[in-house]
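[1] Need coordinates for the following:
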Amino acid sequence: MKAPDRHTFLSSLGIGVLCLLSFQPIVAQDPQRPASGYLVAKLRTGVDAGHTKVGEEFEAEALSWWSTGDCTLPQGARIYGKIVSATRHTKSSPESTLGLLIESADCQGHQRTPLALHILEVKGSDSLSVPLHSVLPTGTGGMTSAPIAHDDNIAVDEETSSIRAGAVLGENHMKLEIAAGSNFADLLRSGKQTVSLLKGTQLVLGTPGMIPADQELHLQPAQNSQ
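    The predicted model follows:
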């Protein structure tokens, strides 16, 4: 077999280099980044302290792509939680509570991966026109704009965002206590009505490291008790 001459060799080499250069930009593209360090999800079914049983599972779905260091959730991924407490409102016992514990999610390639998340804000259907990027409590009775708490495992956008931590928007008679329930579940409380969240209610979720310092009251005793 005749060996290629110098001209043929150089032509082949040049074509190969051009192909390599044209391919590099495709390989170098960055994957999509999440819009925020917060994970916004909506309930797939309603939960009601008057009818839901303790131990019953509930589901939500991610409204956008989200990622931590060990889990990537595509839009629409399922998030799983459990009811840990439920007390209905009555005349003799007016305070109603509902404890929600987020336990796992369908991370990309790994279904029902254990995932420690807390509910930082609840947005009822009547409040969905209110912007997500709001303000954080200052701890002195006022409100102030503030970036999210730092967490090295969260991929955040260059423009930091903030929320109204502990708020239940659209429900004047309900309040949210982060990590106040059994096993550090998040607790919804009302002294006026039975606590319930409708299908489609949005939950703003975050890791324990994203809980504002003035909302960590229920986590501190467990850390200092040893």
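[2] Show me which residues of the longest strand along the chain are buried.
    As assigned by DSSP state E, the longest strand anywhere in the chain is strand 110-123. The neighbour-count check on strand 110-123 (16 or more other Cβ atoms under 10 Å) flags 113, 115, 117-123 as buried. The way it works is simple: take the backbone N, C-alpha and C, and place the C-beta from them, glycine included.
[3] thinking Leu203 is in contact with Val122, fair?
    Yes - between Leu203 and Val122 there is a contact at 6.1 Å, judged by Cβ atoms under 8 Å.
[4] Now Gly76: which helix or strand?
    Take DSSP states H and E as the rule and Gly76 turns out to sit in neither a helix nor a strand.
[5] Can you pick out the most distant pair from the buried residues of strand 110-123?
    Thr113 and Lys123 (25.1 Å; Cβ to Cβ).
[6] For stretch 207-218, buried residues please.
    207, 210-212, 215, 218.
[7] Quick check: phi and psi on Asn183?
    phi 60, psi 30 (degrees, to the nearest 10).
[8] no no, Phe184
    phi 60, psi 30.
[9] How many neighbouring residues does it have?
    18 (other Cβ atoms under 10 Å).
[10] Could you report the pLDDT at it?
    With respect to pLDDT, Phe184 has a value of 93.
[11] what about it, distance to His118?
    Phe184 sits at a distance of 8 Å from His118 (criterion: Cβ to Cβ, to the nearest Å).
[12] for Cys107, same thing?
    From Cys107 to His118 the distance is 18 Å (Cβ to Cβ).
[13] Same question for Lys42.
    From Lys42 to His118 the distance is 17 Å (Cβ to Cβ).
[14] Run through this structure and note the low-pLDDT ranges.
    1-36, 125-162, 217-226 (pLDDT under 70).
[15] As a check, name the ranges of all helices in it.
    6-27, 220-224 (DSSP state H).
[16] Val204 bridge partners, please.
    Val204 has these beta-bridge partners by DSSP bridges: Val40, Glu121.
[17] which ones are touching it?
    38-40, 119-123, 132, 163 (Cβ atoms under 8 Å, 6 or more residues apart in numbering).
[18] and with 6 Å instead?
    Residues near Val204 by Cβ atoms under 6 Å, 6 or more residues apart in numbering: 38, 40, 120-121, 163.
[19] As CSV, these with distance to Ser67 would be great.
    Output for the contacts of Val204, formatted as CSV (distance: Cβ to Cβ, whole Å):
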residue, distance to Ser67
Tyr38, 12
Val40, 14
Leu120, 18
Glu121, 20
Ile163, 19
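[20] what's the closest of those to Lys192?
    Of the contacts of Val204, the one sitting nearest to Lys192 (Cβ to Cβ) turns out to be Glu121, at 20.1 Å.
[21] looking at it, that closest one is touching Val168, isn't it?
    No - counting by Cβ atoms under 6 Å, Glu121 sits too far from Val168 to count as a contact (7.9 Å).
[22] That's all I had, so thanks and see you.
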